[in-house]
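What follows is a predicted protein model with its sequence.
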Amino acid sequence: MDGQFLPMSEAKISVLDWGFLHSDATYDTVHVRDGCFFRLDLHLERFFAGMERLRLAIPHDSQTVAQILHDCVALSGHRDSYVEMLATRGVSPTFSRDPRQAENRFVAFAIPYGSVANAEQMRRGLHVAVSERVRIPPASVDPAIKNYHWLDLVGGLFDAYDNGAETALLRDADRNIAEGPGFNVFVVSNDLLSTPAHGVLSGITRRTVFDLCAELELTCRAEPVSEDALKAADEVFITSTAGGIMPVTKIDGVAIGDGTPGPLTRRLSDLYWQKHTDPAWSTAVRYP
């Protein structure tokens with residue numbers, strides 16, 4: 001932050017920063033497992049693409065940001081870490097409302113790794129509710145740019161909790177399934193995989209599932225997924241940097257398949273974690 005490394009307890013931004021006042025920011029998160037970044041190049045690529053589309057600029061290139069992330073993790077000592085890079089619009093020196101006059105800001109941090117699903121939920125599968133809330137449409141806020149516009153997602157979470165579920169899925173404007181708070185969703189029917197195509201973030205773990213399916217010679221398609229298709233699926237799983245590939249075994253109180261994590265979900269999850277030791281997919285942190 002501001003060219004120096006600090007303990008998390010000392011990391012602060014101005015209350016006048018547009019990132020805080022207006023959610024005018026973009027970010028990306030990458031995880032470290034057993035001392036190695038996973039698919040760091042893809043996360044950096046998406047982060048810089050998001051900044052370009054939001055007309056944000058920071059005084060670092062991709063290689064420099066990668067070094068900063070390495071240093072954050074190395075100084076923290078975390079072997080398993082959740083690492084975030086973010087750019088905010090910042091503050092205008094004259095308090096102007098013109099975003100072109102704001103001084104953009106870059107921040108990076110590393111904290112202990114956390115997952116959308118805890119150990120018990122990973123074992124028996126998540127219980128999910130489909131919210132009636134509509135995900136912010138792409139014509140308003142482009143979900144392909146990671147952002148902090150989460151009020152629809154947070155509302156969906158409260159809907160889920162009120163209905164005895166553990167997390168939520170939101171719909172798109174056509175009432176098809178979109179995504180959840182920080183994760184994409186996949187359905188498996190007759191060994192064919194589908195994931196919502198539009199109005200969702202193109203998650204790096206989502207992309208990794210496509211890569212794994214190609215390796216396993218499985219068919220995986222991005223296409224509209226209806227609520228009926230979701231609930232009639234043989235298997236359902238969600239994907240996120242925070243947790244990887246996580247099984248879903250109950251939706252709106254109804255069991256998916258036989259009510260246990262499915263074999264294809266387990267197979268993909270096992271291969272996903274195996275890839276963390278593949279030099280083509282992982283980058284070792286340079287610890288002191």
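Right, received. Where do you want to start?

Could you use CA atoms for every contact and neighbour count after this?
Will do.

And the helices in the stretch 101-250 of the chain?
119-124, 151-162, 204-216, 227-232 (DSSP state H, counting those that start in this stretch).

and L56, which of those helices is closest to it?
helix 204-216 (21.6 Å; CA to CA).

Could you pull out the buried residues of the closest one?
I204, T205, R206, T208, V209, F210, L212, C213 (16 or more other CA atoms under 10 Å).

Using just helix, strand and coil, how would you label the residue of the chain positioned farthest from its centre?
In the chain, the residue that sits farthest from the middle, by CA atoms, centre = their mean, is T94; the gap is 35.0 Å. Under DSSP: H, G, I helix; E, B strand; the rest coil, T94 falls in the coil class.

From E103, how far out is it?
For T94, the distance to E103 equals 11 Å [CA to CA, to the nearest Å].

ok, now A144?
For A144, the distance to E103 - CA to CA - is 24 Å.

Flag the shaky bits of this protein, pLDDT-wise.
Residues of the chain meeting the criterion pLDDT under 70: none.

how is the chain carved up into domains?
Listed by the TED database, the domain ranges of the chain are 8-112, 119-276.

need those domains in TSV with distance to P288, can you?
Listed next are the domains of the chain as TSV, based on distance: least, CA to CA, whole Å:
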stretch	distance to P288
domain 8-112	7
domain 119-276	22
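
and of the ones you listed, who's closest to T283?
When the domains of the chain are compared by CA to CA, domain 8-112 sits nearest T283, at 5.0 Å.

Between the two ends of the closest one, how far is it?
Taking CA to CA, domain 8-112 runs 11 Å from one end to the other.

Distance from the chain centre to that domain, please.
Mean-position distance between domain 8-112 and its chain equals 15 Å (CA atoms, centre = their mean, to the nearest Å).

Stretch 225-243 too?
So, by CA atoms, centre = their mean, the centroid of stretch 225-243 is 15 Å from its chain's centroid.

Name the residues of it that are buried.
Here stretch 225-243 shows 225-226, 229-243 as buried, counting by 16+ other CA under 10 Å.

Which ones among those residues lie within strands?
E235, V236, F237, I238, T239, S240 (DSSP state E).

and the fourth one, what is it in contact with?
Going back to what we said before, that points to I238. F183, N184, V185, F186, I245, M246, P247, V248 (CA atoms under 8 Å, 6 or more residues apart in numbering).

quick check, nearest of those to I58?
F183 (27.1 Å).

surely the closest one meets F237?
No - counting by CA atoms under 8 Å, F183 does not reach F237; the two are 10.0 Å apart.

what residues does whichever strand or helix holds Y272 touch?
Here Y272, judged by DSSP states H and E, is contained in helix 263-274. Residues outside helix 263-274 that contact it (CA under 8 Å, 6+ apart): D191, T208, V209, L212, C213, E235, V236, F237, G244, I245, M246, P247.
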